[in-house]
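> Predicted model follows, preceded by the sequence.
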There are 2 protein chains.
Amino acid sequence: MTYSFPAELASTAVDIEQALDALLTAPRLATPGMPPERLVAAMRHGSLNGGKRLRPLLVRQAAGVFGVPPAATITAGLAVEMIHCYSLIHDDLPAMDDDDLRRGQPTVHKAYDDATAILAGDALLTHAFGLLAGEATHPDPVVRIRLVAELAAGAGAGGMVGGQMRDIEGETGFLTERAISDMQAMKTGALIRAAVRIGAVLGGADAEALAHLTAYAEAAGRAFQLADDILDVTAAPEILGKPTGKDAGRGKQTIVARIGVEAAQRQLAELIHDALTALLSFDSRAEGLRATGRYFAERER
Amino acid sequence: MTYSFPAELASTAVDIEQALDALLTAPRLATPGMPPERLVAAMRHGSLNGGKRLRPLLVRQAAGVFGVPPAATITAGLAVEMIHCYSLIHDDLPAMDDDDLRRGQPTVHKAYDDATAILAGDALLTHAFGLLAGEATHPDPVVRIRLVAELAAGAGAGGMVGGQMRDIEGETGFLTERAISDMQAMKTGALIRAAVRIGAVLGGADAEALAHLTAYAEAAGRAFQLADDILDVTAAPEILGKPTGKDAGRGKQTIVARIGVEAAQRQLAELIHDALTALLSFDSRAEGLRATGRYFAERER
C-alpha cells in the first residue's frame, strides 16, 4: 500500500478525538475525588474541537520510523495534545490574547468564564503528565519517565511557556528577526520538538537517531510557524477559517513583517530542505515525517 | 536525640527555600531554550516567599517512617511545593479570588501582571513534573513514575483543581456540610494526601502501610482546612498575619459557618484522633507525622 499523508492525518485526528472523548469524563478523572461536571465540560470544550492533531501525528510518525504501530502511540500523543489544548485555553484569556472565537466556536472563557478556563487549562496540563505515567503509554517505566522529562522540557519555562512570555514581552519592544525566530522556536517549536522526540523515545531511538529527529523537528517547527505567519498575510480568510492580517493588527512581531513575504517564503523552503535532509539516514518508514514537513510548507490553512 | 517538631519544621523550610532558590534560575530551566528573565522572576516571586513548606515536611516525615534520610526527600518535596505555589498564584488572580497581598507582599499578578502570573503558574506546574522525572528524585524510575502519577492525581481535576472549581461554584449556591467537606478534601486535602503518599512511595511502603498513611493524610488534610476555617473566625489578625473574617465576608461557605465554632472544634479533635489512630502500627519514626497532626489542630496561624 502506498503511503497517503491525507489518510494518515485524517485517521490520527479521528483516533485522538475519540480517545480524548473517552478519557475526558468525570468517572475516568475521578481520583482521588469526583471532578465537577463544569470543569470536565470546560476541559472537553477546550480540547474536543476538531483540531488537526498535528502533534500526535508527529508522535505517531516519529515512532513509526522504528516500526511502532500507530495504536501504541495514541496515549503519548494525547498527552502532547492536552498540553497544546491547555496552552490555547490560557492564551485565549482576556489577560493574554483575548480571543473570543477559536475554530468558529466561543473560546473556553467565553463559553464558561475566566476562572473556569484557567482551571480547565491547569487540569489538562496536569492530566497530560498523569497520562504519561500510566502503563497505556508504554510498558516500560524507564521509557515513560523519559517521556515525562521530554514533555516538561518542551512545555515549560525553557519551552512553550517561556516562548509565550517572550511573545508578550515582544509586544512592547522591537524584536530582531533572530529574536522573533528564537521566540517562535520556544513558543511553538519546543512542543513540536517534544512530540517528535517523544515518538523517537517510544521507538527506542539511539542517540544518533534522536539527534537526527531533533534536527528535523527543530527545522520543521520553525517552518510551521513561518508558514503560519505567511498565511496570515497571503491566505484568503475563507480558506484560513479566521481573519487574516490579525498579527499585524495586533502589533505581533513576525518574521514576515521583518523581512517580507518573498524572503520568508525562501526561508521556508530552506527550512523544509533542512528538515528533509535531517531524515536522509532513515528508510521509507520516515515517509510520514517527510510528508508532514512538506505539508507544513504547502498547507493553505 | 529527642524529636523536636519546631526544629524539623524550621529545617525543612530552610532546605526547601534554598533548593527552590538554586533551582529557579534561568540557566537551570534552560531546556530547550532560555527562559525569559521576567518569567523566572515571577516564578521566584510566587514561590520564594517564606512559606511554611508543610507539604515538603509531610513528604519528609512520611518517607522518614521507612528510614529515608531527609536529604533524599527534598526533590520530591520541591515538586509538591511547586504545585502548591502555582495554585496560590492562579487562585490569587482577579478572575479567581482577586487577592492583592500574600504574606504581606504583592501577589504575582500585582507585582507583574495577570498574563505573567498565569504563565508563571503554568511553568511551576510543568516544572514540578519535570523535577519528579529526574534522577535526583529517586534512583529507581519505577518509583519516579509512581510519584508522577500520585502528584497528577492529587493536583488534577479529581483533586486540587477540581476542589477549587467546586469552591467557586459553591459561591453561587448553598452547600451542605458534607458538600463543603468534600470540596475541601479535594481543594486542600488532595495535595496533602499526595504529599504523604509520595513520601510513602519514596520509602517503599507496602500496600498496608500506604493505606494507613493515606488514612492519616485524609484525616489530617480535613483537620488542616477545618483549623484554617476556625482560625479565620477566632484568631487575632496580628497573629494570623492576614485579616480574619475574610471567608464570611466573601460568602465562602465553610464548615464553621454551617455548624458553629464549638462543633467545628469538636470535629477537629476527632479528625486529629483519627489521624493519630491511623499511625498506630508505626514505630517512633512516625513521630514527625504525629507531631504534624497535632500541630494542625493547635497552630495559631
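Nice, I can see it.
> I'd assumed A:Phe224 was in contact with A:Leu271.
No: applying CB atoms under 8 Å as the test, A:Leu271 and A:Phe224 come out as separate, 9.0 Å apart. Placement of C-beta: from N, CA and C, glycine included.
> quick one: what helix or strand has the residue in the stretch 151-300 of chain A positioned nearest to chain B in it?
Relative to chain B, the nearest point of the stretch 151-300 of chain A is A:Ala152 (3.0 Å; CB to the nearest CB). Assigned by DSSP states H and E, A:Ala152 falls within helix A:141-155.
> residues of that helix that come out buried?
Residues of helix A:141-155 classed as buried by neighbour count (16 or more other CB atoms under 10 Å in any protein chain shown): A:141, A:143-155.
> Turn the residues you listed into JSON lines, columns for pLDDT and distance to A:Leu279.
JSON lines is the format used below for the buried residues of helix A:141-155 (pLDDT from 0 to 100; distance: CB to CB, whole Å):
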{"residue": "A:Pro141", "pLDDT": "97", "distance to A:Leu279": "30"}
{"residue": "A:Val143", "pLDDT": "98", "distance to A:Leu279": "23"}
{"residue": "A:Arg144", "pLDDT": "98", "distance to A:Leu279": "26"}
{"residue": "A:Ile145", "pLDDT": "98", "distance to A:Leu279": "27"}
{"residue": "A:Arg146", "pLDDT": "98", "distance to A:Leu279": "22"}
{"residue": "A:Leu147", "pLDDT": "98", "distance to A:Leu279": "22"}
{"residue": "A:Val148", "pLDDT": "98", "distance to A:Leu279": "26"}
{"residue": "A:Ala149", "pLDDT": "98", "distance to A:Leu279": "24"}
{"residue": "A:Glu150", "pLDDT": "98", "distance to A:Leu279": "19"}
{"residue": "A:Leu151", "pLDDT": "98", "distance to A:Leu279": "23"}
{"residue": "A:Ala152", "pLDDT": "98", "distance to A:Leu279": "26"}
{"residue": "A:Ala153", "pLDDT": "98", "distance to A:Leu279": "22"}
{"residue": "A:Gly154", "pLDDT": "98", "distance to A:Leu279": "20"}
{"residue": "A:Ala155", "pLDDT": "98", "distance to A:Leu279": "25"}
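> which residues touch A:Ile192?
For A:Ile192, the contact set (CB atoms under 8 Å, 6 or more residues apart in numbering or on different chains) comprises A:Leu54, A:Arg55, A:Leu58, A:Ala217, A:Ala220, A:Gly221, A:Phe224.
> Got phi/psi on A:Gly104?
Phi and psi for A:Gly104, reported as degrees, to the nearest 10, are phi 80, psi 0.
> can you list the weak-confidence ranges in the stretch 151-300 of chain A?
For the stretch 151-300 of chain A, the stretches flagged by pLDDT under 70 are A:237-245, A:248-251.
> and it, which residues reach chain B?
By CB under 8 Å from any CB of the partner chain, the residues of the stretch 151-300 of chain A that approach chain B are A:151-159, A:161-166, A:168-169, A:182, A:185-186, A:190, A:193.
> Determine the number of other residues adjacent to the nearest residue to A:Val68 once chain neighbours are set aside.
In space, and not counting its chain neighbours, A:Val68 is closest to A:Gly203: 4.9 Å by CB to CB, 6 or more residues apart in numbering or on different chains. By other CB atoms under 10 Å in any protein chain shown, the residues close to A:Gly203 number 22.
> How about A:Arg294?
A:Arg294: 15 surrounding residues under other CB under 10 Å.
> Then A:Pro27?
9.
> what sits against it?
A:Met34.
> Now do the phi/psi pair for it.
With angles defined as degrees, to the nearest 10, A:Pro27 sits at phi -60, psi -40.
> From B:Gly159, how far out is it?
If you measure A:Pro27 against B:Gly159 using CB to CB, to the nearest Å, the figure is 15 Å.
> Contact partners for the spatially closest residue to A:Ile145 that is not a sequence neighbour?
Spatial nearest neighbour of A:Ile145, excluding adjacent residues (CB to CB, 6+ apart): B:Pro141 at 4.4 Å. Neighbouring residues of B:Pro141 by CB under 8 Å, 6+ apart: A:Pro141, A:Val142, A:Arg144, A:Ile145.
> A:Gly173 should be in a helix, yeah?
No: counting by DSSP: H, G, I helix; E, B strand; the rest coil, one finds A:Gly173 to be coil, located in no helix.
> And it, how far from A:Asp247?
16 Å.
> between the two, who's got more neighbours?
Neighbour count, other CB under 10 Å: between A:Gly173 and A:Asp247, A:Asp247 has more, with 16 against 8.
> That one: helix or strand, and which one exactly?
Using DSSP H and E, A:Asp247 falls in helix A:246-250.
> so what's A:Asp274 up against?
A:Ala215, A:Ala219.
> Regarding chain A, what is its longest helix?
In chain A, assigned by DSSP state H, the helix with the most residues is helix A:207-234.
> List the buried residues of it.
So, applying 16+ other CB under 10 Å, buried residues of helix A:207-234: A:209-210, A:212-233.
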